[in-house]
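Student: Sharing a model that was predicted from the sequence below.
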Amino acid sequence: MDRLTALRVFVSVVEQGSLSGAGERLEMSRAMVSRYLAELERWMGARLLHRTTRRLSLTGPGEEALNRARAMLALGEEMEQIAIRGDETPKGQLRITSSYSLSDALLVGAANEYLALYPDTAIDILLLDRTVNLVEERIDLALRITNDLDPNLVARRLGTCHSVVCASPAYLARHPTPQRVQDLALHNCLTYTYFGKSLWEFQGPGGPQSVPVSGNLSANISNLLLNATLAGAGISLQPRYSVVQHLARGELVALLPEWQPKRLGVYGVYGTRKQMSPLLRSFLDFLVARMAEDSLWQ
């Protein structure tokens, strides 16, 4: 039995929720999927799945085996790329998607530096403040700020996104400055469609705290909320990378400094480790190294 293939079949069955779904994904028959699964259970000496006519569920040993299987597959795929990485110089085109704000703060500058290092490469950037289907949009890499990753995709952590609650001096001249996180519920809070639409989460001296917020402006692009905040329209929760210069120039004021808004991970997300191109791997390595040198992302 090819044990790596058997592990890949097992993981695919769990992710797809059925033997037939795994067969379609792996391009093998349902009978072959069933055979690999039976051989894997025989080798491990334990049943990995509860199977009924309607659903599949993991057994206790199956839950433990799933984590180990994913780790072994990742290691196997990385080993397959060792020779490729040593022999090939990055070349070709990468299609990358990112939010508008993350592109301004990170992607465009990093792409320009990378292209100067590797003249045989090209980068096509698609700016969207929403999650897209990587396969349908032919995306090689998505830069995402999230704590909720798609289990069917591969993600590499690049850094951390810190957020700041802020307002302009003009707004604070017309409204009392919030002294407690609960005071935010009394203010005009400008909210982002995809994160913190009605609830802002904090960690502070008293432990975790969630505050319901509302206001007269919501948007699906964080840069629009930043412009409205600069114009004195209200209070917003902004990525620190977007406001650091505005804070330094006094155009915005950071509020509630003892309370840390919920941190989010910055990830490079892609479809599969298998046959990962030297170009994609090289660009991810470049991003990790670049962000590690900047305390803004740590």
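Tutor: Looks like it arrived, so ask away.
Student: what residues are up against the nearest residue to residue 240 once chain neighbours are set aside?
Tutor: Distance criterion Cβ to Cβ, 6 or more residues apart in numbering; nearest residue to residue 240, sequence neighbours excluded, is residue 162 at 4.4 Å. C-betas here are computed from N, CA, C, even on glycine. Contact analysis of residue 162 by Cβ atoms under 8 Å, 6 or more residues apart in numbering lists 239-240, 260-261, 263, 296.
Student: Just the buried residues of those residues.
Tutor: In the contacts of residue 162, burial by neighbour count holds for 239-240, 261, counting by 16 or more other Cβ atoms under 10 Å.
Student: Residue 96 contacts residue 137, doesn't it?
Tutor: No. With the criterion set as Cβ atoms under 8 Å, residue 96 and residue 137 do not qualify as a contacting pair; they are 10.9 Å apart.
Student: Residue 212 contacts residue 199, doesn't it?
Tutor: Yes. The pair residue 212 and residue 199 passes the contact test of Cβ under 8 Å, sitting 5.8 Å apart.
Student: And the helices in the stretch 1-150 of the chain?
Tutor: With DSSP state H, counting those that start in this stretch, the ranges of helices along the stretch 1-150 of the chain come out as 3-16, 19-26, 30-44, 60-80, 82-87, 100-102, 108-117.
Student: Next, the buried residues of stretch 179-192.
Tutor: Using 16+ other Cβ under 10 Å as the test for burial, stretch 179-192 gives 181, 184, 187-192.
Student: Got the domain ranges for this protein?
Tutor: Structurally, the chain divides into domains by automatic domain parsing as follows: 3-79, 84-161+264-297, 163-261.
Student: mind putting those domains in TSV, mean pLDDT included?
Tutor: Listed next are those as TSV, based on pLDDT from 0 to 100:
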stretch	mean pLDDT
domain 3-79	82
domain 84-161+264-297	87
domain 163-261	94
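Student: ok so, going back, find residues that contact each of residue 96 and residue 137.
Tutor: In the contact map built from Cβ under 8 Å, 6+ apart, the residues linked to both residue 96 and residue 137 are residue 126.
Student: In terms of neighbours, single out the busier of these two.
Tutor: Neighbour totals were compared for residue 96 and residue 137, and residue 96 leads with 23 against 12 (other Cβ atoms under 10 Å).
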